[in-house]
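1. mind folding the following:
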Amino acid sequence: MHLTQSESDAILEFYKTERIRVAANLKHIDRTIRLLSGKNVDEESGVLLTRKGDKAKKRGPKSVWGKFILDELKHQKKPLAYKDLMDQAMKKKNIHRSKYSNVRASILNSAFRLRAIQGKITTIEEDGKKEKFIVD
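-> Residues are numbered from 1 along each chain as shown. Okay, here's the model as predicted:
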């Protein structure tokens with residue numbers, strides 16, 4: 001079989017696009033079968049998959065602030081105001097005052113997770129005051 005360069009390029013391009021299309025169809029078929037059968041594990045690798053059928057991405061390191069909050073509550077044995085907790089974090093972790101807003105955001109985020117998701121702490125407030133306290 002003798003083909004010109006342009007004919008060879010056209011055929012090559014056709015099969016490359018066909019390969020991509022077929023691979024996408026197979027991925028869709030696999031995802032549909034997995035959803036209909038209720039399986040969320042890849043049969044070949046045994047990896048847990050997300051709802052879309054992709055491998056779950058690794059997340060960053062766990063926050064140290066959740067453990068810090070629980071340890072401080074246990075150590076103090078009394079309700080702690082958010083501001084007091086943040087001030088103690090700045091002192092104990094020897095963090096510069098310029099990073100206060102970062103520490104504040106991290107502690108508020110960790111406190112939210114501890115309260116809403118894990119149920120390990122509770123937030124209370126005094127009548128007539130804006131300040132909230134954390135209790136375990």
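2. tally up the residues packed near residue 85, please.
-> Around residue 85 there are 23 other residues, counting by other C-beta atoms under 10 Å. Any C-beta I mention is one placed from the backbone N, CA and C, and that applies to glycine too.
3. scratch that, residue 131 is what I was asking about
-> Residue 131: 10 neighbours (other C-beta under 10 Å).
4. mind checking how far residue 28 is from residue 36?
-> 12 Å (C-beta to C-beta, to the nearest Å).
5. neighbour count winner among the two?
-> residue 28 (11 against 8).
6. helix or strand for that one, just tell me which one.
-> In this assignment (DSSP states H and E), residue 28 forms part of helix 5-37.
7. quick check: which helices or strands does whichever helix or strand comes after that helix pack against?
-> Once the chain leaves helix 5-37, the next helix or strand it forms, by DSSP H and E, is helix 65-76. Secondary-structure packing of helix 65-76 (3 or more C-beta pairs under 8 Å, 6 or more residues apart in numbering; DSSP states H and E): helix 82-92, helix 100-112, strand 132-135.
8. of all these, which lies closest to residue 10?
-> Minimum separation from residue 10 across the helices and strands packed on helix 65-76 (C-beta to C-beta) falls at helix 100-112, 56.0 Å.
9. between that closest one and helix 65-76, how many degrees?
-> 80 degrees (axes from the mean of the first three to the mean of the last three C-alpha atoms, to 10 degrees).
10. using CSV, list the CA coordinates for the helix or strand following helix 100-112.
-> Where DSSP H and E defines the elements, the next helix or strand beyond helix 100-112 is strand 122-125. Output in CSV follows, covering the C-alpha atoms of strand 122-125 (Å, rounded to 0.1, in the frame of the first residue of the first chain):
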residue,chain,number,x,y,z
THR,A,122,-20.1,23.7,71.9
THR,A,123,-20.3,27.5,71.6
ILE,A,124,-22.2,29.5,74.2
GLU,A,125,-22.8,33.2,74.7
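11. contacts for strand 122-125 next, please.
-> 79, 111, 115, 131, 132, 133, 134, 135, 136 (C-beta atoms under 8 Å, 6 or more residues apart in numbering).
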